[in-house]
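A.B. asks: no sequence on this one, just coordinates:
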């Protein structure tokens, strides 16, 4: 199955341009984000469960208070209705009223009441201090069963006796109603209210500026003689611990990502960057110091640095050995070239001695030809050794200049010397190219010297415009134009020698009689990089 290169995915392309620390930060953030969200959802669920439980307890507190208040009021009204019925059937009102007070005992102080034996008559019995609102309600046949009286800060309850004409009304102040309700839990910043169709009675009081903050209402499920008991309270806001419970997962996520980023940067990226800088700035043969050990650097990177320092030391030692070997090799090469040059000069001197003792001009001419070719080879060796020390090959200008100088100062039978002009750029060639060029120039100059020794010669060389690694070597002279004597000498075998030398240079030798020149394209030396 072929492997998948994840780096080519478009999703990962922007990540490849980030540092490893930033990538780790993003990876940790993405990996821990579901955990943080899960923790937030769980904390939110716990908070909602706690809120529902709190509301359930509040509802139970209101319901229980309403039941207690309704039971107390209904019990009082039952006693009042029974006493009113007894008076209506003709019993002594004073005795009934006295018995009623004895039955109520201490409870009679929590309300005031009026008992009527018949509608439109004066009250037959009075309990407690009766407010005017209660008197008006007692004489009003349209009085409701329960009625809130805001001006008296209380509520009036009416009840009919077993005898239809008998009835009783009772007034409960707000403080008595709250005492009868007797809520178990004291809810801070709350207010109990008794709510009727057209009015509301506050059973507890809080400052006006706090009342504006009462934003929640809890209503009892059972009523009190047609009135509803409400609990108005301030819905609790999110507490600091609850807020922390919501944001701690994200703080933990951020802290984990930042800690991971710091650990990677201080323990991995920083020492790796230091090692990378050391490697990039390292120069062969340089003595390196190991990385300073710290508590934050990864031990593996420190071991890698120690391995690199040891390798650099070994390379330095090997380089010193190679440099020493190279020096010895250069000395040997210099000695070899020096001996070859001396031997060639000795051979040239011996040929010159034999040429002087030759009996005929033809023999002297032959000795001269051989001597000039040996001199050409010696010139190549001398220039090759100078170029080897600088790793740049044979300087073509120096090589051609020496060859031209040897012809300009060479003696000949007629006493004439050719006028040779050298126009060559600063070019260098290898030994494989320099030797054939030296012999080829020698052959061409020999032909010019033998056919028209007084003819001027111009030797030029320049790089090709479209190929800087090649050059055109051109020899121009009037002797190279239409010349029967030159053609005869070429046909006598010299042409084959020149063609063979051109073959060694891997290029055709082009003779242009119209422009009186011979040209050949050869390679230019390219030094090897060290």
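C.D. replies: Cool, the structure landed. Only a predicted model underlies this, so the values are computations on that prediction, with no experimental measurement involved.
A.B. asks: contacting residues for the residue lying closest to residue 304 once chain neighbours are set aside?
C.D. replies: Nearest non-adjacent residue to residue 304, counting by C-beta to C-beta, 6 or more residues apart in numbering: residue 275, 6.7 Å away. In this view, the C-beta of every residue, glycine as well, is placed from N, C-alpha and C. Residue 275 makes contact with 291, 301, 304, 305, 308 under the criterion C-beta atoms under 8 Å, 6 or more residues apart in numbering.
A.B. asks: among the residues you listed, which two are most distant?
C.D. replies: Largest separation among the contacts of residue 275 by C-beta to C-beta: 301 and 308, giving 10.4 Å.
A.B. asks: So in the chain, which helix runs the longest?
C.D. replies: helix 20-88 (DSSP state H).
A.B. asks: and the next element down the chain from that one?
C.D. replies: helix 93-104 (DSSP states H and E).
A.B. asks: Which strands or helices does the very next helix or strand once past that following helix pack on?
C.D. replies: Tracing the chain C-terminally past helix 93-104 and defining elements by DSSP H and E, one meets strand 112-116 next. For strand 112-116, the elements it packs on are helix 20-88, helix 93-104, strand 125-127, helix 132-139, strand 167-173, judged by 3 or more C-beta pairs under 8 Å, 6 or more residues apart in numbering; DSSP states H and E.
A.B. asks: if we go to 6 Å?
C.D. replies: Here strand 112-116 touches helix 20-88, strand 125-127, strand 167-173, going by 3 or more C-beta pairs under 6 Å, 6 or more residues apart in numbering; DSSP states H and E.
A.B. asks: among those, which is nearest residue 97?
C.D. replies: Of these, nearest to residue 97 by C-beta to C-beta is strand 125-127, at 3.8 Å.
A.B. asks: so of the helices and strands packed on strand 112-116, which one's packed in deepest?
C.D. replies: Greatest average neighbour count among these goes to strand 167-173 (a mean of 26), per mean count of other C-beta atoms under 10 Å.
A.B. asks: Show me what it pairs with in its sheet, parallel or antiparallel.
C.D. replies: Strand pairing for strand 167-173, determined by DSSP bridges: strand 112-116 (antiparallel), strand 154-160 (antiparallel).
A.B. asks: Dump those to TSV, plus distance to residue 468 and mean neighbour count.
C.D. replies: Listed next are the strands paired with strand 167-173 as TSV, based on distance: least, C-beta to C-beta, whole Å; neighbours: other C-beta atoms under 10 Å:
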stretch	distance to residue 468	mean neighbour count
strand 112-116	126	26
strand 154-160	116	23
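A.B. asks: about what we covered before: ok, so what distance separates the residue nearest to residue 304 from residue 456?
C.D. replies: 67 Å (C-beta to C-beta, to the nearest Å).
A.B. asks: just to revisit the earlier point, mean pLDDT lowest for which of the helices and strands packed on strand 112-116?
C.D. replies: Looking at the helices and strands packed on strand 112-116, the lowest mean pLDDT belongs to helix 20-88 (a mean of 83).
A.B. asks: Between the helices and strands packed on strand 112-116, which one is closest to residue 341.
C.D. replies: helix 20-88 (62.1 Å).
A.B. asks: How far off centre is that closest one?
C.D. replies: When distances are taken as C-alpha atoms, centre = their mean, to the nearest Å, helix 20-88 is centred 48 Å away from the chain's centroid.
A.B. asks: and that helix, what does it pack onto?
C.D. replies: Using 3+ C-beta pairs under 6 Å, 6+ apart as the contact test, the elements touching helix 20-88 are helix 93-104, strand 112-116, strand 154-160, strand 167-173, helix 174-181, strand 216-219, helix 240-264.
A.B. asks: tell me the angle of the fourth one relative to helix 174-181?
C.D. replies: Read it as strand 167-173. Counting by axes from the mean of the first three to the mean of the last three C-alpha atoms, to 10 degrees, strand 167-173 lies at 100 degrees to helix 174-181.
A.B. asks: quick one: strand 167-173 to helix 93-104, angle?
C.D. replies: In terms of direction (the same axes, to 10 degrees), strand 167-173 departs from helix 93-104 by 40 degrees.
A.B. asks: And for the longest one?
C.D. replies: Calculated by the same axes, to 10 degrees, helix 240-264 forms an angle of 20 degrees with helix 93-104.
A.B. asks: before we move on, back to that, so which of the contacts of residue 275 wins on neighbours?
C.D. replies: Comparing the contacts of residue 275 by number of neighbours (other C-beta atoms under 10 Å), residue 305 comes first, having 23 neighbours.
A.B. asks: confidence score at it?
C.D. replies: Looking at residue 305, its pLDDT reads 76.
A.B. asks: Leaving out sequence neighbours, find the closest residue to it.
C.D. replies: Distance criterion C-beta to C-beta, 6+ apart; nearest residue to residue 305, sequence neighbours excluded, is residue 291 at 4.2 Å.
A.B. asks: May I have the secondary structure class of the one you found?
C.D. replies: coil (DSSP: H, G, I helix; E, B strand; the rest coil).
A.B. asks: close enough to count as contact, it and residue 306?
C.D. replies: No. With contact defined as C-beta atoms under 6 Å, residue 291 does not count as touching residue 306 (7.8 Å).
A.B. asks: between the two, what contacts are shared?
C.D. replies: Overlap of the contact sets of residue 291 and residue 306 (by C-beta atoms under 6 Å, 6 or more residues apart in numbering) is empty.
A.B. asks: give me the low-pLDDT residue ranges for the stretch 201-350 of the chain?
C.D. replies: 238-239, 242, 284-285, 295-298 (pLDDT under 70).
A.B. asks: By neighbour count, which bits of the helix or strand containing residue 404 are buried? Give me those.
C.D. replies: Per DSSP H and E: residue 404 is located in helix 396-408. The neighbour-count check on helix 396-408 (16 or more other C-beta atoms under 10 Å) flags 396, 397, 398, 399, 400, 401, 402, 403, 404, 406, 407 as buried.
A.B. asks: still on that earlier bit, can you tell me how far the residue nearest to residue 304 is from residue 281?
C.D. replies: 11 Å.
A.B. asks: same deal with residue 192?
C.D. replies: As for residue 192, its distance to residue 281 is 84 Å (criterion: C-beta to C-beta).
A.B. asks: and the nearest residue to residue 64 once chain neighbours are set aside, helix, strand or coil?
C.D. replies: Leaving aside its sequence neighbours, residue 64 sits nearest to residue 184 (C-beta to C-beta, 6+ apart; 6.6 Å). Secondary structure for residue 184, judged by three-state DSSP, is coil.
A.B. asks: what separates residue 184 from residue 63, distance-wise?
C.D. replies: Taking C-beta to C-beta as the measure, residue 184 falls 11 Å from residue 63.
A.B. asks: Could you do residue 216 as well?
C.D. replies: Taken as C-beta to C-beta, the span from residue 216 to residue 63 is 16 Å.
A.B. asks: Sheet partners, orientation included, of the longest strand anywhere in the chain?
C.D. replies: Determined from DSSP state E, the single longest strand within the chain is strand 467-476. With DSSP bridges as the test, strand 467-476 is paired with strand 457-464 (antiparallel), strand 517-523 (antiparallel).
A.B. asks: Make JSON lines out of the ones you listed and add distance to residue 44, mean neighbour count and mean pLDDT.
C.D. replies: Formatted as JSON lines, those follow (distance: least, C-beta to C-beta, whole Å; neighbours: other C-beta atoms under 10 Å; pLDDT from 0 to 100):
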{"stretch": "strand 457-464", "distance to residue 44": "81", "mean neighbour count": "18", "mean pLDDT": "90"}
{"stretch": "strand 517-523", "distance to residue 44": "82", "mean neighbour count": "19", "mean pLDDT": "90"}
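A.B. asks: Pipe these into TSV and attach distance to residue 484 per row.
C.D. replies: Conversion of the strands paired with strand 467-476 to TSV gives the following (distance: least, C-beta to C-beta, whole Å):
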stretch	distance to residue 484
strand 457-464	20
strand 517-523	17
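A.B. asks: list the buried ones in stretch 187-194?
C.D. replies: 187, 190, 191, 192, 193, 194.
A.B. asks: now that stretch: how far from the chain's centre is it?
C.D. replies: With C-alpha atoms, centre = their mean, you get 57 Å for stretch 187-194.
A.B. asks: Appreciated, that's everything.
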